[in-house]
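Novice: got a structure for you, letters missing:
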């Protein structure tokens, strides 16, 4: 199920990244909203992925819990920006993106390189 949200995120990033030479203000707002929508999709999909990691225990629970918290913050920041409660370039929204970004770029990849997934050994 999380893969569907990653596809939506990718499509929103692709179509949100078009040149805004025509109707610059409207295109700029649409581009920003498309980015925020892709962050909502990323937050939902990655939170669901980490929930499945938590339940299956293929990685330690503290690591999957960190991912759930990080992507929950990212989702919350994107929603606040989309609703106009906070500006997209506000420091609070930027800070809400940090935990998910750190988990995705550093914590999880390093864990996978060093430890990998916990392999289930079935008895035959």
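Specialist: Received, thanks. As the structure is a computational prediction, the values presented were derived from the model and not from experiment. Residues are numbered from 1 along each chain as shown.
Novice: any buried residues in the lengthiest helix in the chain, and which?
Specialist: Identified as the longest helix of the chain according to DSSP state H is helix 24-56. Buried residues in helix 24-56, defined by neighbour count with 16 or more other Cβ atoms under 10 Å: 31-32, 34-51, 53-54. All C-beta atoms are positioned from the backbone trio N, CA, C, and that covers glycine.
Novice: who does it touch, helix- and strand-wise?
Specialist: With contacts taken as 3 or more Cβ pairs under 8 Å, 6 or more residues apart in numbering; DSSP states H and E, helix 24-56 sits against helix 2-16, helix 61-82, helix 91-102.
Novice: give me the helices and strands touching the second one, please.
Specialist: Contacting helix 61-82 under the criterion 3+ Cβ pairs under 8 Å, 6+ apart are the following elements: helix 24-56, helix 91-102, helix 108-114.
Novice: what's the most buried one of the helices and strands packed on helix 24-56?
Specialist: Mean neighbour count (mean count of other Cβ atoms under 10 Å) peaks for helix 61-82 among those, with a mean of 19.
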